[in-house]
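Q: Requesting a structural model of the entry that follows:
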Amino acid sequence: MTTLRIGIQTGYWSRKPPTGIVEALQQAEAAGLDSVWTAEAYGSDAFTPLAWWGSHTSRLRLGTGIAQMAARTPTATAMQALTLDHLSGGRFVLGLGASGPQVVEGWYGQPYRRPLARTREYVDIVRQVIARERPVTFDGEFYRLPLPADAPGATGLGKALKPTVHPVRPEVPIVLAAQGPKNVALAAEIADGWMAGFYAPRTDAEHRELLAEGFARRADERSRPEEFEVAATVPVVVRDDVESAADVVRPHIALYAGGMGAKEANFHKASLDRLGYGEVTDEVQRLYLEGRKEDAARAVPTELVEEIALVGPAAKVRADLARWENTALTTLLVQGDAAAAAALLG
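A: Modelled structure (predicted):
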């Protein structure tokens, strides 16, 4: 059994819900799996599957990885966190992320400007709601509670409220998804964990420096650095042949480097660029945006796949896992099927 906690990242749905996942999670829970995480883009949401799947398990931590902040007001998100924490008996982890301008402005119709400042305000309000110490008030640049009487369209009847539901815990763990250096440091400063994208063990020292920078700015003693969760989604594909296993991951990398974000603002591509693959991802993005998705996938080198994924025979996958065990990671989230998770748990 690895020293890392092993979870499953189910992601967001494509055309329909995944099949057989309840049984797979029950089996994985019995084998020692730590957690299950969900995501959302502009289809399935991150909270509902956790409620359904979580009701069929008893020990798994249930995390949103991630819930998009633009999708809900901070108080609405806190309500969902309170509800799921009750229903799961205190197993919920709130993973939040800013997403990107294409989704935030295109899908939610919200401005994307100053995402770090907006995140600070959002987390502050969520913590106020869950703590339930007093009626929630906030006077920020992005959120004002209650809405001032002189605000456009306001009636002036707004009242400071606190949730009717008493929390299971005074704090629900908050994990921030972050890829850029400033965002990573922010997660260490204000959150209980960081969810990384395209984590490569080779750059672990840089990640540790950014986390240390954030820890040094903490204004409270809410949690110690040694209790901070660092999670990363790692594609895991078990095949007899490394190249065939890498072929499963290549389209995923091509999608994120080429199509998940505007050409001028693709944070996933930027993460891969920082690993030294700028020329590769430029070509992948060019091919993808031209509609040549299969060519874009073929342009992803096996070297890059092996940097951010675990691929190949089961024995190789388990041996390669040691590279992640020696990093700042505390939780490795398997992106793959139940057999992939079993290979690591075994």
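
Q: going forward, measure contacts and count neighbours with C-alpha atoms only.
A: OK.

Q: check contacts around I8.
A: I8 makes contacts with 33, 35-37, 333-336, 341, as judged by Cα atoms under 8 Å, 6 or more residues apart in numbering.

Q: which sections of the stretch 51-200 of the chain are below the confidence cut-off?
A: Within the stretch 51-200 of the chain, no range satisfies pLDDT under 70.

Q: Please, where are all the helices along it?
A: 74-87, 101-106, 115-131, 181-190 (DSSP state H, counting those that start in this stretch).

Q: For the first one, name the packing helices and strands.
A: Which is helix 74-87. Other helices and strands packing on helix 74-87, by 3 or more Cα pairs under 8 Å, 6 or more residues apart in numbering; DSSP states H and E, are helix 47-54, strand 92-97, helix 115-131.

Q: change it to 10 Å
A: Applying 3 or more Cα pairs under 10 Å, 6 or more residues apart in numbering; DSSP states H and E, one finds that helix 74-87 contacts helix 47-54, strand 61-64, strand 92-97, helix 115-131.

Q: can I get these in JSON lines with distance to Q179 and mean neighbour count?
A: Listed next are the helices and strands packed on helix 74-87 as JSON lines, based on distance: least, Cα to Cα, whole Å; neighbours: other Cα atoms under 10 Å:
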{"stretch": "helix 47-54", "distance to Q179": "22", "mean neighbour count": "18"}
{"stretch": "strand 61-64", "distance to Q179": "17", "mean neighbour count": "26"}
{"stretch": "strand 92-97", "distance to Q179": "10", "mean neighbour count": "25"}
{"stretch": "helix 115-131", "distance to Q179": "12", "mean neighbour count": "20"}
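
Q: Export those to TSV and append columns for distance to A231.
A: Below are those laid out as TSV (distance: least, Cα to Cα, whole Å):
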stretch	distance to A231
helix 47-54	18
strand 61-64	11
strand 92-97	10
helix 115-131	19
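
Q: out of the ones you listed, nearest to F138?
A: Proximity to F138, assessed across the helices and strands packed on helix 74-87 by Cα to Cα, is greatest for helix 115-131 (7.2 Å).

Q: separation between the residue nearest in space to the middle of the chain and S271?
A: Most central in the chain under Cα atoms, centre = their mean is G65, positioned 3.4 Å from the mean C-alpha point. Noted for G65: a distance of 18 Å to S271, by Cα to Cα, to the nearest Å.

Q: again with T48
A: From T48 across to S271, the span is 29 Å (Cα to Cα).

Q: What number of neighbouring residues does K293 come out with?
A: For K293, the neighbour count with other Cα atoms under 10 Å is 20.

Q: could you list every residue that touches it?
A: Contacts for K293 (Cα atoms under 10 Å, 6 or more residues apart in numbering) come out as 251, 254-255, 258-259, 284-287, 299.

Q: and what of E121?
A: Here E121 is in contact with 74, 138-144 (criterion: Cα under 10 Å, 6+ apart).

Q: The longest strand along the chain pairs with which strands, and in what direction?
A: For the chain, the strand with the greatest residue count under DSSP state E is strand 229-238. If you go by DSSP bridges, strand 229-238 pairs up with strand 193-196 (parallel), strand 310-312 (parallel), strand 331-335 (parallel).

Q: mind checking how far the closest residue to W53 other than its chain neighbours is from L161?
A: Using Cα to Cα, 6 or more residues apart in numbering and skipping residues adjacent in sequence, the residue nearest W53 is V22, 6.0 Å away. Remark: distance between V22 and L161 (Cα to Cα) = 38 Å.

Q: Also Q27?
A: 43 Å.

Q: quick revisit: which one of the contacts of E121 sits in the busiest neighbourhood?
A: Most surrounded of the contacts of E121: other Cα under 10 Å gives P74, at 21 neighbours.

Q: mind listing what it touches?
A: Residues in contact with P74 (Cα under 10 Å, 6+ apart) are 119, 121-129, 143.

Q: which pair in those spans the largest distance?
A: T119 and V129 (15.6 Å).

Q: one step back: please identify, among the contacts of I8, the one with the most neighbours.
A: W37 (28 neighbours).

Q: which element is it on?
A: strand 35-38 (DSSP states H and E).

Q: That strand - contacts with which helices or strands?
A: Strand 35-38 packs on strand 5-11, helix 21-31, helix 47-54, strand 61-64, strand 92-97, strand 331-335, going by 3+ Cα pairs under 10 Å, 6+ apart.
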